[in-house]
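Peer 1: got a sequence here, can you model it:
(one chain, ligands or ions: 1)
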Amino acid sequence: MMEQLKNKNVVLCVTGGIAVYKAVELLRLLQKQGAKVRVIMTRAAMEFVTPLTFQALSGEPVFTDLFNDNTVDASIRHIRWAEDADLVVVAPATANIIGKMAHGIADDALSTFLLAVRSRIVICPAMNTAMYESRAVQRNIDILENDGCLLIEPGVGDMACGTSGAGRFPAPADIVDRILTLMTPKDLKGRCVLVSAGPTREAIDPVRFISNHSSGKMGYAIARAAERRGAMVTLVSGPVDIEPPLHVKLVKVQSADQMKEAFLDAMGDADIAVKVAAVADYRVKNQAEHKIKKTEEQLVLELEKNPDILKCAGQKKRSDQVLVGFAAETQDLKENAVKKLEAKNLDMIVGNLVGGGKGFGTDDNTVTFFFKDGRVESLESMDKDQVAHILLDRILSLHSKGQ
Ligand code: CTP
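Peer 2: This next block holds a predicted model:
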């Protein structure tokens, strides 16, 4: 869970389209981020999914009608909810509500509420492609974007009406991702952040390799967090199974040699460089050109040392750059981490104990920060996304101090 939506009041405005059922999933994902979500529905939306579904999940009555409602605050609920809202999400947004919002029309509970809103409004259009591409809808979307609404572009693909094109409701997880970005202060704006993540693979022959258990999750979390905070991010990644964050420059590599080239190449432009990757320390000395056959009873692989990429980066580091490493240890965390911090000329190293189910592949991490000036900060076990944000906070203060 990220902090941006924690305890925030979000109002989900559901208008009538076939994608209404996907708003149910969106509601749950927003709640998972800690948001308190209230729901308003139009009459048309209720034709697709009953308010009861949203009521049961949000734990609050769904606001559907300005007049035929006997509850105490019904007549001013649209104003109260608008005042309380930290964020409003219109999803799915029909051509009709987009048109009404663009022109200030308030003729039901949902559109009247929207006129009273002062917080940011996110709009997720979903409709037939021809309707979406129509001049009227595009004109109205332009008006709303100029008014400061955030438009989440609909997806392209097969539509419920049998056609194919733009107009599909985006994946709820992508909507939440964009919302988190919107809600994140842009304190890294203008800074270039370089992250390397994942394992490397060192070929034995054309079909086999040596590698390690690194999942890339920690490095990807840092890249994602930096992007959300406004940085221009380059992510040099070994082979991993996870989706890259949106809007980062992804450079895919396999071996330590390739990672070295890509990382040092990008280092020149970086203000901040974070080396999370689990680089294979050794590679096979004589890689076989063809697949090794199992003719021998024993096979001995001769290994030679890979370059220490972080050490090279430390030697090249300018005084205006902040360089951060990770130290994966199975014992003596402090001693080993501090040794690496000094040997590689780092500003900071993040130590974590790995092995026994800890660190690699998990969503949580327990880390300790060791700083060049001797300070030590231990964090409790938390989500890798949260670790990433705290790490960026510390890096930012080092960078702002002109380390
Ligand atoms: N690292 C690197 N190039 C290598 C090995 C490590 O850039 N060939 C970087 C890692 O990305 C990490 C830091 O150095 O940021 C520490 O990596 P780690 O594997 O903990 O330590 P090593 O330096 O490899 O030392 P050892 O394996 O002896 O613990």
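Peer 1: which bits of the chain sit near the ligand?
Peer 2: For the chain, the contact set with the ligand under C-beta under 6 Å from any ligand atom comprises 256, 275, 277, 279, 281, 306, 308-310, 325-328, 340. Where you see a C-beta, it was placed from the backbone N, CA and C, and this is true even at glycine.
Peer 1: could these go into a markdown table alongside pLDDT?
Peer 2: Output for the residues of the chain next to the ligand, formatted as a markdown table (pLDDT from 0 to 100):
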| residue | pLDDT |
| --- | --- |
| A256 | 98 |
| K275 | 98 |
| A277 | 97 |
| V279 | 97 |
| D281 | 95 |
| N306 | 97 |
| D308 | 97 |
| I309 | 98 |
| L310 | 98 |
| G325 | 98 |
| F326 | 97 |
| A327 | 95 |
| A328 | 87 |
| K340 | 97 |
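Peer 1: closest to V354 out of the residues you listed?
Peer 2: A328 (4.5 Å; C-beta to C-beta).
Peer 1: are any of the residues of the chain next to the ligand buried, and if so which?
Peer 2: 256, 275, 277, 279, 306, 308-310, 325-328, 340 (16 or more other C-beta atoms under 10 Å).
Peer 1: can you tell me which of these are in helices?
Peer 2: A256, I309, L310, K340 (DSSP state H).
Peer 1: taking the stretch 101-250 of the chain, what residue is nearest to the ligand?
Peer 2: Nearest residue of the stretch 101-250 of the chain to the ligand (C-beta to the nearest ligand atom) works out as S196 at 6.5 Å.
Peer 1: any idea what that residue is bridged to?
Peer 2: V236, K275 (DSSP bridges).
Peer 1: now do the phi/psi pair for V156.
Peer 2: When read as degrees, to the nearest 10, the backbone of V156 gives phi -110, psi 140.
Peer 1: skipping adjacent residues, who's closest to it in space?
Peer 2: Leaving aside its chain neighbours, V156 sits nearest to A166 (4.9 Å; criterion: C-beta to C-beta, 6 or more residues apart in numbering).
Peer 1: surely the one you found touches A130?
Peer 2: No. If you go by C-beta atoms under 8 Å, A166 and A130 don't touch, sitting 10.0 Å apart.
Peer 1: end to end, how far does stretch 314-323 reach?
Peer 2: Distance across stretch 314-323, first residue to last, is 7 Å (C-alpha to C-alpha, to the nearest Å).
Peer 1: could I get the buried residue list for the host helix or strand of M46?
Peer 2: If you go by DSSP states H and E, M46 is part of helix 43-48. By neighbour count with 16+ other C-beta under 10 Å, helix 43-48 contains the buried residues A44, A45, M46, F48.
Peer 1: could you do stretch 41-60 as well?
Peer 2: Buried residues in stretch 41-60, defined by neighbour count with 16+ other C-beta under 10 Å: M41, T42, A44, A45, M46, F48, V49, P51, T53, F54, S58.
Peer 1: in the residues you listed, find the pair that's most separated.
Peer 2: Once C-beta to C-beta is applied, the buried residues of stretch 41-60 give A44 and S58 as the farthest pair, at 19.5 Å.
Peer 1: and the nearest residue to M41 once chain neighbours are set aside, how far from A280?
Peer 2: Among residues not flanking M41 along the chain, V14 sits closest, at 4.7 Å (C-beta to C-beta, 6+ apart). Separation of V14 from A280 (C-beta to C-beta, to the nearest Å): 50 Å.
Peer 1: kindly report the same for V137.
Peer 2: Look at V137 and A280: by C-beta to C-beta, they are 53 Å apart.
Peer 1: using the three-state scheme, assign V251.
Peer 2: strand (DSSP: H, G, I helix; E, B strand; the rest coil).
Peer 1: contacting residues for the closest residue to L301 other than its chain neighbours?
Peer 2: Once flanking residues are discounted, L301 sits nearest to V284: 5.6 Å by C-beta to C-beta, 6+ apart. Residues counted as contacts of V284 (C-beta atoms under 8 Å, 6 or more residues apart in numbering) are E202, A203, I204, I210, L301, E302, L303, E304.
Peer 1: same question, T163
Peer 2: Counting by C-beta under 8 Å, 6+ apart, T163 touches N128, T129, A130.
Peer 1: compare these and tell me which has the most neighbours.
Peer 2: N128 (19 neighbours; other C-beta atoms under 10 Å).
Peer 1: pretty sure it sits against R168.
Peer 2: No. Counting by C-beta under 8 Å, R168 is not a contact partner of N128; they are 10.2 Å apart.
Peer 1: make TSV out of the buried residues of stretch 41-60 and add distance to G155 and pLDDT.
Peer 2: Compiled in TSV, the buried residues of stretch 41-60 are given as follows (distance: C-beta to C-beta, whole Å; pLDDT from 0 to 100):
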residue	distance to G155	pLDDT
M41	23	97
T42	22	97
A44	21	97
A45	20	97
M46	25	97
F48	19	96
V49	20	96
P51	26	96
T53	23	96
F54	23	97
S58	25	95
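Peer 1: K372 and the ligand, how far apart?
Peer 2: Going from K372 to the ligand by C-beta to the nearest ligand atom, to the nearest Å gives 15 Å.
Peer 1: pLDDT at the residue nearest to that residue when sequence neighbours are not counted, what is it?
Peer 2: The shortest distance from K372 to any residue other than its chain neighbours is 5.2 Å, reached at D347 (C-beta to C-beta, 6+ apart). At D347, the predicted lDDT confidence score is 97.
Peer 1: now do the contacts for D347.
Peer 2: Residues in contact with D347 (C-beta under 8 Å, 6+ apart) are V322, L323, V324, F371, K372, I395, L398, Q403.
Peer 1: and if we set it to 10 Å?
Peer 2: D347 sits next to 272-273, 314, 317, 321-325, 341, 371-373, 394-395, 398-399, 401, 403 when contact means C-beta atoms under 10 Å, 6 or more residues apart in numbering.
Peer 1: with I175 instead?
Peer 2: K22, A23, E25, L26, L29, L30, V89, A91, V122, C124, I152, F169.
Peer 1: would you mind checking those for buried ones?
Peer 2: By neighbour count, with 16+ other C-beta under 10 Å, these hold K22, A23, L26, L29, L30, V89, A91, V122, C124, I152, F169 as buried.
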